[in-house]
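Visitor: Make a model of this:
(2 chains)
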Amino acid sequence: MYEPQLNERKSDYDWPLAAAVLGLMIIGTAFIFSATENQPLLRNTYWLQIVWYVLGAGAAAAACYFEYGSLARLSALFYWSSMVVLLAVYAIGAAHHGAKRWLFGLQPSEFAKIAFILWLANYLSRPREELRRPKVFLAVLGYTFLPFILVYKEPDVGSALVFLAISLAMMFVAGVPNRMLAGLVAGVGLLVILEVALILYAPAKLKIMESYQSGRLLEYFGRRKGYNVEQSLISIGSGGLTGKGWRQGTQHSLGFLPTAGAHNDFIFSVIAEEEGFVGSVVVLTLYTVLLFSGIKIASQARDRLGQLMAIGVVTLLFSHVFINIGMNIRLMPVTGIPLPLLSYGGSSVVGSLIAIGILHNVHIYRRYY
Amino acid sequence: MFVFDIFKEDGRRLQVVSGVVALGMLALLAGLWFVQIVRAKQFARTSKDNAFRHVRTPAIRGRILDRNGEVLAEEKPRYNAILYLEDLQPEFTNQYARTRKEYVRMHPEAVNAKGRISVAGSVRKQLQLEADCAVVSNFTYRVSTSLGEPRLLNNQAFLRHYREHPYVPFPIVPDLAPKQVAIMAEQWLGQPVIDLETQPVRFYPYTNVAANLLGYVQRRDASDGGEFSFDLPDYKGTSGVEYVYDDTLRGQPGQNAVLINNMNYRQSEEIESPNKPGNDIFLTIDLDLQRAAERALAKAPFASSIVRGAVVVLDPRNGDILALASAPSFDPNHFVLGNFTPEESERLNDPKYTPQFNRAVTGAYPPGSTFKIITGIACLESGLDTNEIFDSPGEYRATPTSRPIKDTAKAGKYNFERAFYRSSNTYFIVMGKDRLRKILEVAKRFHLGEKTGISIRREVAGNIPGPERDGPSLGMSAPDICIGQEITATPLQLAGMIEVIANGGTLYVPRVVSHSRSPDTGEIEELVAKGRVRDVVQMDPRDLATIRHAMLEDTEHPPDSMGPGSAYAAFHHADGSPKLKNFRVGGKTGTAEVKSPGSTFGRVTWFDSYGPYEDPRYVVVVMVEDGSFGGNTCAPVAEEIYEAILKREQSSQGRPSTLAHN
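Guide: Numbering: from 1, shown residues only, chains lettered A, B, ... in the order given. So this is what the prediction gives:
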C-alpha cells in the first residue's frame, strides 16, 4: 500500500542547488579564461572546461536515470573495478609533475571516491544494531584503507585524506557507536601527529612520504619558504576588498603564480585577486548553498541509503573545498586537491557533477512529506 | 513509527554534520577576511614589488661654454646596438632543447630505463645558461659582422647582466659610426629583438684645450640612493669645473617604472617622472686667447721638448680670467671613454709631467726676480732714493768668504730703474736685506702667499711668511727672499700682483666661471659675482709710477753699454722696431733656482706683464719650469700672446671692450 507512494518520483529540481551549480560553472569558465588567456599553450582551456561541464551534466543525468537503489546494487562492482583501476594507475600510470595519478588522461581517484561512497552507503544501510558489531566496524576500516593506501602511494595525500573523511562522516551519520569512532579519530590523529613530528624533527633518512610532500609540510609549519603558497597569498591579499578586475590580475599574467597551477589548484587565488574579498565571499556562498542543499536533501531522503549517499557527497565536496581554499590561504599545507567545478580538469568536473547527480537522484526520490 | 524513529535520531547527527560544515566555511571566511582585508595593504605592496622595478634615467648634462658661447664641453649622442632579452625567450627555449639533446647524446646515462630524460637540476641550469649565451653570442656575431666589426660576446658580462637586471636591454655593439647606424636601420631595425640605443656621451671638442680647467667626467654606474633597482649609466664630474659645478650641470634624473614578469623580463615601461636637463655654464675664458696661450706655451724656446708651465691672462679692470693654461695637458675625452693608450696612461701618472695638475693654481713656485717688484716697493717706501747710484760688484757675498750669489747683471753702476730692468740681484739684495720686515709686509699687502679665492678647487697658497715671522726663527735667508727664492707663490697670485700695479691698487677676486643658463627656460643665474673686490692695496702714487716705468723699461729699454731691458729682445725685431703695433707692454722677467731635494724641476722662469701701458686691459703671466731665463723663454711666449690679443681686438672691429662680456 505504501509501496507506490514510497517509490514516487518527484521530478522537480532543488533550485538553490541548481542555481549554485550554474553559478559555479559560469565563474569557473570566466576565471579559467582569465588565468590562461596569456599562455599560448593553454589558450583554449576554458572551452575544454565547457566541454567537460556538458559531458559531466550528461553523466549526472545518467546517474539519476535509475533510482539510486539500483545503483547501490551495483556498488560492489563499482568499488572493486575502481580498486583494480587504482592498482593499474600505480603500475602503469602516467607520471606528471612527479605524481602518478593519471591513466589515459583521466584521474581514476576522482571516480573511485564516488564508487566508494556508493559502496559504503550500501554497506552501512544495514540494521543499526549490526553497526555496533566490531566486525562490521573493522570491515569498514578495511574497505576504507584499501583505496586510502592505493591513493596515498600515488602519491596523493589530499585525496587519500578525503577517503578517510567520507568514511568517518558516513559512519557517524549511519549510527556507528561514538566510542568506536572516537577511537578511530584518536588513532588517526596520533598517526598524523607522529608523522608530522617525524618530518619536522627527524633526520631525512626516514622516508615517510615523498620529499616534495614533506617539503610542503615544512613550508606549512614555516620551516621553509614556499613559493607557490607565498604567491597565492600575495594574489589573494593584493585583491583587497574588490579586487583588481576581471583579467587584470598581475600575479598570474606575469607568471608569479605558476602557469601550471593557476587554472586548477590555484584557481581560487586568481578569483580572489581579480574580484577581491567580495568575490571570495560569493564563491564561499555558492559552495555553502551547495553543501547545505545537500544536507537538506539528506534530511529529506526516503531511506538511510539515500541519506548516507547524500552525506557522502556532501563530505566529498566539503573536503575538497576546505582543503583547496585552505591551501590557498595557508590554512592547510599544500596538497593537489582540485576545487569542485572551478578548477580545470575533466575528472574533477565530471566526478563532481556525477556526485551532484547522485544528490539530485536522492532528491527526486525523497519522502513526500 | 519505526521509520520515523530512525529519522528522529538521525536529525541530531545531521545537525552535527551541518555544524561541522558551517564551522569549516566560517573558518575559511575568517581566513579570507584576514588575508584580504586586514593584511591587504601589505600584500598589495608585495604584489607591486613583484612586478615593478624602478630605473633611473639621467638628464642631459649642461654644456660648458666660453665667454662668447663657444662650446668647450657638451654631450654627443653615442649609438649602441642593443638586444631586448625578453624578446629572446622563444630562442632561449629552442636553443635549450638543442643543447639538452646534445648533452644527452654525450651522456647516454641521462636517459633512464623508460626512455625518459632525467637531468640533475644543477646540470639543467648549466645547460640553460649555455643555451642563453649561445643565442646572444650568435646575435652578437651576426649583427657585429654585418656592421663590419665582428665581435665575440663577453660571456661573463652577459651572464652578470642577465642575472642582475635582465629587464634592461643588453648592449652588443657599442659606439656605432654613422655608416653602421645606417646599416642597422636598413637590416636590423623593425624586428622585435634588436634596437638602437642613443646614449649621451660627454665630448670635449677642443680635446687638450683648457683640459685642467674643465676637468672631466667619469661614468658612474653604482647608485647613490637605495630606491632605484637600476641606474642607467650616468656621468659624474671628477675634477675641474665639471666637478665643482657638477650639480648645476647634471640636472635632475628622472624615473621609469618597468613592469616585469616572474622571470624578471620587461613587459612594459612607463615614465614615472621625466628628467630635467642640466644648466649650461659660461666661463670667462676666451677660447681664441686660450688656444693662443696654449700654443705659445708649448713652443716656449730654450725649454724642454715637452714644456711644463702655466699662463694666466686676466682683465685687470674686473679680475675676469681670459685664459688659464697649464702644460702639459691631456685629452679628457679619453677619460670619458676610458681609452687611454698605455703611453698616455704612463704620462698621466708621471710625477714630473703631471698633466692633470693645473700649474696655474695648484703649483707653488718661487717667483724669482719678479718678486723684485715687491722688494722694490718696500725699498721705495722705506725711503730709497731711486737716483742713488750703486756700484755693483756683479755678485753678492754675505761675508767676504761665503759663497756668492751670482748676478746676471754685470758689474757696474746701477740706479733703481736700471737695476730693475737689468734684474740686478746684488742691488736688490743690498737694498733689501735689512728691510726684510717691510718686504714681507708689502708682500702681505698684495696678498701673496694666500689663496686668491677663485671658485675652482685645488688652489694652493704657496709659502710667504708674514712680517711677524721676521727674526732668527724665520728659516729663510734674507738675500734669497729679496730676489724671490725660497718663498713660493702661484702664477695666479702673481697675476694678481700685476693686476694691482696695472689698475693702480685694486685686487679683484679672480673669476673664471661667470653664469649659468637653463636650456629650456633661458633663465640666467650669476654663479660668481663680477668684479668682486678683494682688497684695495695702498701705495704711494709716486712709487706706483716708479714701478710702472721700470716695468716699461724692461721691455723697451734699448741695448746700451749695460745691456737692454731683459725682455727687450722678445718684443723687438732685430732692427729695433717693436713687434707689437701701438701696444706697449710693461713687465718683469724672473729666474729662480730651486734647491729643495724633492723637486721635479731645478729652475723656474717667469715673465709677468701687462698692457697696453697707457690703459691696461690685460695681464699676462707666463711661467715655465726648467726654462733658460725669463727673458728668452717666457717673454717670447707672452709676446705671442699679445699678438693674438691684438688680432682678437682687431677682429672685433678694434673695439677692445667686446672682449669683456656684458
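
Visitor: Give me every residue in the stretch 251-369 of chain A lying close to chain B.
Guide: A:251, A:254-256, A:272, A:276-277, A:280-281, A:284, A:287-288, A:291-292, A:295, A:298-299, A:304, A:307, A:311, A:314-315, A:318, A:321-322, A:325-326, A:329, A:331 (C-beta under 8 Å from any C-beta of the partner chain). C-betas here are computed from N, CA, C, even on glycine.

Visitor: hmm, try it at 6 Å
Guide: A:254-256, A:277, A:280, A:284, A:288, A:291, A:295, A:299, A:318, A:322, A:325, A:329, A:331 (C-beta under 6 Å from any C-beta of the partner chain).

Visitor: Most neighbours among those, which one is it?
Guide: Counting neighbours by other C-beta atoms under 10 Å in any protein chain shown, A:Ile325 comes out on top of those with 29 neighbours.

Visitor: chain center to whichever helix or strand that residue is part of, what's the gap?
Guide: Applying DSSP states H and E as the criterion places A:Ile325 in helix A:304-328. Per C-alpha atoms, centre = their mean, to the nearest Å, the displacement of helix A:304-328 from the mean C-alpha position of its chain is 6 Å.

Visitor: other SSEs contacting it?
Guide: Judged by 3 or more C-beta pairs under 6 Å, 6 or more residues apart in numbering or on different chains; DSSP states H and E, helix A:304-328 is in contact with helix A:108-124, helix A:157-174, helix A:267-299, helix A:346-364, helix B:2-33.

Visitor: which residues are contacting stretch A:122-136?
Guide: With C-beta atoms under 6 Å, 6 or more residues apart in numbering or on different chains as the test, stretch A:122-136 has contacts from A:Ala72, A:Ser75, A:Met170, A:Ala174, A:Gly175, A:Val176, A:Pro177, A:Arg304, A:Leu305, A:Leu308.

Visitor: which intervals of the stretch 151-300 of chain A have sub-threshold pLDDT?
Guide: When residues are selected by pLDDT under 70, those of the stretch 151-300 of chain A lie in A:202-216, A:218-219, A:221-226, A:260.

Visitor: Show me what residue of it gets nearest to chain B.
Guide: A:Gly237 (2.5 Å; C-beta to the nearest C-beta).

Visitor: quick revisit: so which of the helices and strands packed on helix A:304-328 comes closest to B:Leu289?
Guide: Of all the helices and strands packed on helix A:304-328, it is helix A:267-299 that lies closest to B:Leu289, at 69.5 Å by C-beta to C-beta.

Visitor: Could you pull out the buried residues of the closest one?
Guide: Within helix A:267-299, the residues that qualify as buried are A:267-277, A:279-281, A:283-284, A:286-299, counting by 16 or more other C-beta atoms under 10 Å in any protein chain shown.

Visitor: How far off centre is that helix?
Guide: For helix A:267-299, the distance to the chain centre is 14 Å (C-alpha atoms, centre = their mean).

Visitor: Remind me what it packs against, helices and strands.
Guide: helix A:15-36, helix A:227-239, helix A:304-328, helix A:346-364, helix B:2-33.

Visitor: Could you rerun that using 8 Å?
Guide: Contacts defined by 3 or more C-beta pairs under 8 Å, 6 or more residues apart in numbering or on different chains; DSSP states H and E place helix A:267-299 against helix A:15-36, helix A:227-239, helix A:250-253, helix A:304-328, helix A:346-364, helix B:2-33.

Visitor: ok, and for the following helix or strand past the third one, which residues are buried?
Guide: For helix A:250-253, the succeeding helix or strand toward the C-terminus, using DSSP H and E, is helix A:259-262. Buried positions in helix A:259-262, judged by neighbour count with 16+ other C-beta under 10 Å: A:Thr259, A:Gly261, A:Ala262.

Visitor: what does helix A:259-262 contact?
Guide: A:Ala35, A:Thr36, A:Gln39, A:Leu42, A:His97, A:Asn228, A:His252, A:Ser269, A:Val270 (C-beta atoms under 8 Å, 6 or more residues apart in numbering or on different chains).

Visitor: likewise stretch B:263-277?
Guide: Under the contact criterion C-beta under 8 Å, 6+ apart, stretch B:263-277 has outside partners A:254-255, B:54-55, B:57-62, B:84-86, B:89, B:165-168, B:251-261, B:519-520.

Visitor: Give me the nearest residue to B:Leu65, chain neighbours excluded.
Guide: Spatially, and ignoring its direct neighbours in sequence, B:Leu65 is nearest to B:Phe282 (5.2 Å; C-beta to C-beta, 6 or more residues apart in numbering or on different chains).

Visitor: Next, count neighbours for that neighbour.
Guide: 24.

Visitor: The stretch of helix or strand it belongs to pairs with which strands?
Guide: In the assignment (DSSP H and E), B:Phe282 maps to strand B:280-283. Partners of strand B:280-283 in the sheet, by DSSP bridges, are strand B:64-65 (parallel), strand B:513-517 (antiparallel).

Visitor: which parts of the helix or strand following the first one are buried?
Guide: Translated: strand B:64-65. Using DSSP H and E, the helix or strand that follows strand B:64-65 in sequence is strand B:71-83. Across strand B:71-83, burial judged by 16+ other C-beta under 10 Å covers B:Leu72, B:Ala73, B:Glu74, B:Glu75, B:Arg78, B:Tyr79, B:Asn80, B:Ala81, B:Ile82, B:Leu83.
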